[in-house]
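Asker: Here is my input, please return the structure:
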Amino acid sequence: MTGTRHENSVYSLSESIRQAYKGAVDLILPYKCAVCGSVSDTDERFGEYSRLYEELYGVRSGLHICGKCLSSLNPLEESKRWFLCLSNPVENDPCPGLPLYMPFPYRGLVEKAVPEIKFGKKIELARLFGAILGSYIFSEGIRADLIVPVPLSEERLAERGFNQAYEIAFLVSKIAGIPLADGCLIRTRDTRRQSEIKDINRRAVNVRGAFDAGSNWDVEGLTVIVVDDVATTGATLHEAAKVLYKAGAAKVLCIAFAGNRTLKNAEPF
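Answerer: Numbers count the residues shown, from 1 in each chain. Down below sits the predicted model:
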C-alpha cells in the first residue's frame, strides 16, 4: 500500500510538473504557422476573428498564420469575381448561365491551405475561409433566402471528421445574415475526388446524380446560395444547383472560396 501511495504521488507530481513546463514552453516558444510551419508573426491581426470564433464555438481558435502566407492571399479584382459555373458549357443545360461567385484564385495561401484542410484535418483554416468569404458576400450585397453547403458522403465525412463546405457556409451564414439550410441537399453516393480526375467530361459524370433534395427543407420559390470550398470545372456545384432547381428554387447562385478560372461571366447575380 505504501509503495502504491508513493507511486501515485510521484505520478501526480510528475503530471503537475509536466503541465507547468508545457505552459512555460508555450509562453517562450513562438507559434507556428498552420499552413507552412514557419514562425507566426501576425497573431495581433487575429484579435477580432478570435473573439468571433470564441463567441460562435465557445473555444479559442488557436489559429496562427505567418505574414508570408497571409500576404499571398490576394483577391481577384471585384469586376472579375463572377464566372459561369461550368468552365465548359454544355448544350441543353437544364440551368444555363448558372453564375459562380469566386473571390480568390487557387494559388498562394489557398493552394497550401486546402490540402491542410482536406487531408491535414485543419478545421480552423476552413472556418477562417468562411469568415473571409462571409465578409465579402456581405460587403458586396449578395443576398439570398438560404445558404446550402455541398454535402459530403458518409464515407468521406467519417474519414475527414468534418465537411469543409459546411464549416465555410456556417460562417458565411452568420456574417451575411442568411439562414443556413444544412441537409437541404443530401449526398446519395460516394464519388471519387474530383481533384483525382483530370478529364472535364469525366468530372461531370463522376458527380452526376450524386445529390438529392432533403425532405426537411422547402426551397419552392426561394433564392438559394450553394457553397463549396473550391471550384475548378464547376461540375459539383452545377449538379447541386440542378437538384435545387428541380426542387422548385426560383434562383440559384453558386459560391466557392477559390478556384482556377479565366473565363468571366459578365452578368451579375
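
Asker: from here on, contacts and neighbour counts on C-alpha atoms
Answerer: Will do.

Asker: quick one: contacts for the residue nearest to residue 73 when sequence neighbours are not counted?
Answerer: Excluding the flanking residues, the one nearest residue 73 by Cα to Cα, 6 or more residues apart in numbering is residue 109, at 5.4 Å. Contact partners of residue 109, counting by Cα atoms under 8 Å, 6 or more residues apart in numbering, are 35, 69, 70, 72, 73.

Asker: which residue sits closest to residue 244, ignoring its sequence neighbours?
Answerer: residue 213 (6.9 Å).

Asker: pLDDT-wise, which helix or strand of this structure ranks last?
Answerer: helix 2-28 (a mean of 53; mean pLDDT, DSSP states H and E).

Asker: And the residue nearest the centre of the chain, which helix or strand is it part of?
Answerer: When Cα atoms, centre = their mean is applied to the chain, the residue found nearest the centroid is residue 168 (3.7 Å). Here residue 168, judged by DSSP states H and E, is contained in helix 164-176.

Asker: Name the residues of the helix or strand containing residue 127 that are buried.
Answerer: Counting by DSSP H and E, the element that carries residue 127 is helix 123-139. For helix 123-139, the neighbour count (16 or more other Cα atoms under 10 Å) marks 123-138 as buried.

Asker: again, but for stretch 181-189
Answerer: Those would be 181, 182, 183, 184, 185, 186, 187, for stretch 181-189 by 16+ other Cα under 10 Å.

Asker: Among the residues you listed, which lie within strands?
Answerer: Among the buried residues of stretch 181-189, the ones falling in strands (DSSP state E) are 185, 186, 187.

Asker: from those residues, which is closest to residue 237?
Answerer: residue 185 (11.4 Å; Cα to Cα).

Asker: ok, the residue lying closest to that closest one once chain neighbours are set aside - contacts?
Answerer: Leaving aside its sequence neighbours, residue 185 sits nearest to residue 213 (Cα to Cα, 6+ apart; 4.8 Å). Contacts for residue 213 (Cα under 8 Å, 6+ apart) come out as 184, 185, 186, 243, 244, 247.

Asker: Look up phi and psi at residue 213.
Answerer: phi -80, psi 130 (degrees, to the nearest 10).

Asker: Ok, residue 259 next?
Answerer: The phi/psi pair for residue 259 (degrees, to the nearest 10) is phi 180, psi 180.

Asker: thinking again about what came up before, show the subsequent helix or strand relative to the helix holding residue 127.
Answerer: Immediately after helix 123-139, counting by DSSP H and E, sits strand 146-149.

Asker: Model confidence for the residue lying closest to residue 176 once chain neighbours are set aside, exactly?
Answerer: Excluding the flanking residues, the one nearest residue 176 by Cα to Cα, 6+ apart is residue 138, at 4.8 Å. Looking at residue 138, its pLDDT reads 96.

Asker: Neighbours of residue 222, how many?
Answerer: When neighbours are defined as other Cα atoms under 10 Å, residue 222 has 17 of them.

Asker: Now do the contacts for it.
Answerer: Residue 222 neighbours (Cα under 8 Å, 6+ apart): 144, 145, 146, 248, 249, 250, 251.

Asker: Could you report the separation of the third one from residue 185?
Answerer: Using Cα to Cα, to the nearest Å, residue 146 is found at 12 Å from residue 185.

Asker: mind giving me the domain split of this structure?
Answerer: 2-69, 75-259 (automatic domain parsing).

Asker: SS state for residue 243?
Answerer: helix (DSSP: H, G, I helix; E, B strand; the rest coil).

Asker: low-confidence ranges in the stretch 1-150 of the chain?
Answerer: Scanning the stretch 1-150 of the chain with the threshold set as pLDDT under 70 gives 1-30.

Asker: which stretch of helix or strand covers residue 217?
Answerer: Here residue 217 is assigned to no helix or strand, by DSSP H and E.

Asker: Neighbours of it, how many?
Answerer: Neighbours around residue 217, by other Cα under 10 Å: 14.

Asker: which ones are touching the residue nearest to it when sequence neighbours are not counted?
Answerer: Distances taken as Cα to Cα, 6+ apart put residue 184 closest to residue 217, at 5.5 Å, once the chain neighbours are dropped. By Cα under 8 Å, 6+ apart, the residues touching residue 184 are 148, 213, 214, 215, 216, 217.
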